[in-house]
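Q: Structure here, sequence nowhere to be found:
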């Protein structure tokens, strides 16, 4: 029995948690099913994995350039709160729940493939690190609210994750199609609820609102059309202003041996360099994985639609990406201010990293329906919601809050919060627990009944 557990643990922690390996395997299976020559199979697998590694390397550079802003902002605001960043919560989650979380991820992925095969929801979730993060989150919540352990924790966690991997990409698929012009893939990332919200609320501004990508800039500002230059010039003023306001702190605690002004300039350029690397990796990865996935779609899961990490939509609307990033970050600052003003027990700090990835992507979704106004409105509202909702979530995550960190994307502060509240009600038992279970069952029946009317997917599957 222990050998079986160890095998599943290895699959979860070493294979499925590695985004590059997952997509490499997908490319391998797809190309083999298409009966491509050996040299094409080898080339496709290598380029797919290298493309994903380039994305990861670029994301690391990007985060390295922007992360110091969080420390500077916290100093300026004068608060010491909880940092809403997945990576900051990961050490505790892996130490306490690593094995069971990995088993839940494996089980959830298998259920995802089964549901994609037998239902109208044809999505296969392929963002490995997000799969691990959400699985760990679900395990932590179920343990903290319902006291589940062992096989019961694994069984319920597997069902929850199978549903998450299947349904959340379905939620954002119509928006993804609008962004990409009908490309057959979706987004698999924990900004998902914010993407959907921004896409839907963007419709409020549809009339007479031009796309963020259509701004007529004078020649002197034409460099904003270039993603690298536009990102650097947008972030640089923010860095410089905050550096001037807290010059001594930046010099002593953040910049190291560099002059604070030089540090601000170089950090902004590093941020832009990271995005340039990410976009190069996205182009390489999609160029290889999409043809390969056609093999899986044709043979194993007819009509299958892959769900990738959020950077896959970055190239489609880079200006809207900036709008969404700044809007969500501003919303998070407002949310933090509201928490301070209301004397909240847990103060959620503005997180630059989730604001960029989740907020920037939300801006792209909002722009698809509401132009530049949609690119701002949805991400801003979700920034406020993320700060407040994450604060409400913390008491439902057991001992995680003691680490000074928590999971930090819009999903956790919205759907994740609702799930944690549901677990709390079930854990309390009695009439409340019975009602909570009945509501969950009714919602699932409704969701799968509506799958017959999910025309976006049904049309693609035919």
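A: Everything's here; your move. The structure presented is a predicted model; accordingly, all values stated were derived computationally and were not measured.
Q: alpha carbons only for contacts and neighbour counts from here, please
A: Fine.
Q: Please work out how many residues are found near the closest residue to residue 105 other than its chain neighbours.
A: Nearest non-adjacent residue to residue 105, counting by CA to CA, 6 or more residues apart in numbering: residue 135, 5.6 Å away. A count of nearby residues for residue 135, using other CA atoms under 10 Å, gives 29.
Q: mind checking which helix or strand residue 135 is in?
A: helix 128-146 (DSSP states H and E).
Q: As a check, name the ranges of all strands in the stretch 1-150 of the chain.
A: 83-84, 123-125 (DSSP state E, counting those that start in this stretch).
Q: tell me which residues in the helix holding residue 135 are buried?
A: 128-146 (16 or more other CA atoms under 10 Å).
Q: Then stretch 86-97?
A: 86, 88-90, 92-94, 97.
Q: Now do the strands in the stretch 351-462 of the chain.
A: 405-406.
Q: need the helices for it, in chain order.
A: Counting by DSSP state H, counting those that start in this stretch, one finds helices in the stretch 351-462 of the chain at the ranges 352-354, 360-393, 410-413, 415-428, 430-450, 455-461.
Q: Please identify the deepest-packed of those helices.
A: helix 360-393 (a mean of 30; mean count of other CA atoms under 10 Å).
Q: Next, the angle from that one to helix 128-146.
A: Between helix 360-393 and helix 128-146, the angle comes out at 20 degrees (axes from the mean of the first three to the mean of the last three CA atoms, to 10 degrees).
Q: Mind telling me what element residue 162 is part of?
A: Going by DSSP H and E, residue 162 is part of helix 150-180.
Q: average model confidence for that helix?
A: Per-residue pLDDT over helix 150-180 has a mean of 93.
Q: for stretch 120-128, same thing?
A: The average pLDDT for stretch 120-128 rounds to 86.
Q: Could you tell me the end-to-end distance of that stretch?
A: End-to-end distance for stretch 120-128: 23 Å, by CA to CA, to the nearest Å.
Q: Could you check that stretch and say which residues are buried?
A: 120-128.
Q: Just give me the closest of those residues to residue 108.
A: Nearest to residue 108 among the buried residues of stretch 120-128: residue 125, at 10.0 Å, using CA to CA.
Q: shouldn't that closest one be in contact with residue 189?
A: No: applying CA atoms under 8 Å, one finds residue 125 not in contact with residue 189, separated by 9.3 Å.
Q: Need the strands of the stretch 1-150 of the chain in TSV (columns: distance to residue 289).
A: Output for those, formatted as TSV (distance: least, CA to CA, whole Å):
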stretch	distance to residue 289
strand 83-84	32
strand 123-125	13
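Q: nearest to residue 275, of those strands?
A: If we rank the strands of the stretch 1-150 of the chain by CA to CA, the stretch that ends up nearest is strand 83-84, at 21.6 Å.
Q: Pick out the shakiest of the helices of the stretch 351-462 of the chain, pLDDT-wise.
A: Taking the mean pLDDT of those, helix 455-461 comes last: a mean of 49.
Q: Now find how far off-centre the helix holding residue 135 is within its chain.
A: 14 Å (CA atoms, centre = their mean, to the nearest Å).
Q: same for that helix, what does it pack against?
A: helix 19-33, helix 86-118, helix 150-180, helix 415-428 (3 or more CA pairs under 8 Å, 6 or more residues apart in numbering; DSSP states H and E).
Q: Nearest to residue 400, out of those?
A: Nearest of the helices and strands packed on helix 128-146 (CA to CA): helix 86-118, 6.8 Å.
Q: can you give me the angle the closest one makes with helix 128-146?
A: Per the same axes, to 10 degrees, the angle that helix 86-118 makes with helix 128-146 is 100 degrees.
Q: got the angle for helix 86-118 vs helix 150-180?
A: 80 degrees.
Q: Format the helices and strands packed on helix 128-146 as a markdown table; extra columns: distance to residue 351.
A: Shown next, in a markdown table, are the helices and strands packed on helix 128-146 (distance: least, CA to CA, whole Å):
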| stretch | distance to residue 351 |
| --- | --- |
| helix 19-33 | 23 |
| helix 86-118 | 11 |
| helix 150-180 | 23 |
| helix 415-428 | 18 |
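Q: Please identify which of the strands of the stretch 1-150 of the chain is closest to residue 401.
A: Nearest to residue 401, of all these, is strand 83-84, at 9.8 Å by CA to CA.
Q: Please state the mean pLDDT value computed over the closest one.
A: 72.
Q: Touching, residue 265 and residue 236? I think so.
A: Yes: with contact defined as CA under 8 Å, residue 265 and residue 236 form a contacting pair (6.3 Å).
Q: End to end on stretch 396-412, go ahead and measure it.
A: 11 Å.
Q: Report the buried residues of that stretch.
A: 396-397, 400-401, 405-412.
Q: just stretch 204-212 next, same as before
A: 205-206, 210-212.
Q: Over to stretch 332-340?
A: 332-339.
Q: Mark which of those residues are part of helices, please.
A: Judged by DSSP state H, those include 332-339 as members of helices.
Q: Low-confidence regions, the stretch 251-400 of the chain specifically.
A: 282, 286, 290, 293-298 (pLDDT under 70).
Q: quick revisit: now for residue 125 and residue 189: what residues contact both?
A: residue 308 (CA atoms under 8 Å, 6 or more residues apart in numbering).
Q: Could you dump the helices of the stretch 351-462 of the chain into JSON lines and include distance to residue 243?
A: Shown next, in JSON lines, are these (distance: least, CA to CA, whole Å):
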{"stretch": "helix 352-354", "distance to residue 243": "16"}
{"stretch": "helix 360-393", "distance to residue 243": "23"}
{"stretch": "helix 410-413", "distance to residue 243": "28"}
{"stretch": "helix 415-428", "distance to residue 243": "35"}
{"stretch": "helix 430-450", "distance to residue 243": "49"}
{"stretch": "helix 455-461", "distance to residue 243": "48"}
